[in-house]
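Chemist: please find the sequence and the predicted model below.
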Amino acid sequence: MKNETVSEETAIDLKTLLDHWQEHRRLTRRVIEAYPEDKLFTFSVGGMRPFAQLVMEMITIAQPGIYGMATGSWSVPGRPEINFMLQPPATKAELLAFWDETTDVINQLWPRISVARMRQADKAFGQFDGTITWHYFYFVDNEIHHRAQAYVYLRALGIEPPAFWDRH
């Protein structure tokens, strides 16, 4: 067997990283959809925040985060209200619309990110040092973590959550 060298660029390509993130976002969207409207904004277990607040954390990381990854500016142009801990909208439909808007922003800005940019160090949100790759994985890991909390909430409410492995 021939020993081949695989460059870092080909070990995992940028399209695969985007697809991975969007698969998780589709699953999280289905989790939001599974919630009864009245419980989405109020129900919690063990003093944790309601899922709508966790969703807003995911949004306020992802939207400014994709701008930061793509441009080095860790805020959404013309949208200063999108900061950490933004209050959720009043309805599930509005929350889903905000989720979908964020997905669209990710899809629009992702092509501006290069392999070289993924390797660059940057201070996300003016606070967190790491490479763009590190920040990308943090964004996805944060979403998985909060989605797992939502699974506990849904089960406590007697609702079967979407299959965690079905990200399509």
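Modeler: Sure, I can see it. Numbering: from 1, shown residues only.

Chemist: burial measure for residue 128, as a count.
Modeler: 12 (other CB atoms under 10 Å). In short, each C-beta sits where N, CA and C put it, glycine included.

Chemist: over to it: give its phi and psi.
Modeler: Main-chain dihedrals, residue 128, degrees, to the nearest 10: phi -110, psi 110.

Chemist: and it, how far is that from residue 113?
Modeler: 18 Å (CB to CB, to the nearest Å).

Chemist: and the helix of greatest length in the chain, what does it pack onto?
Modeler: Criterion DSSP state H: the longest helix present in the chain is helix 132-156. Secondary-structure packing of helix 132-156 (3 or more CB pairs under 8 Å, 6 or more residues apart in numbering; DSSP states H and E): helix 14-34, helix 51-71, helix 115-119, strand 121-124, strand 128-131.

Chemist: now for the third one, which elements pack on it?
Modeler: I take that to be helix 115-119. Using 3+ CB pairs under 8 Å, 6+ apart, helix 115-119 is in contact with helix 132-156.

Chemist: now the angle from the helix it packs on to helix 14-34?
Modeler: Per axes from the mean of the first three to the mean of the last three CA atoms, to 10 degrees, the angle that helix 132-156 makes with helix 14-34 is 20 degrees.
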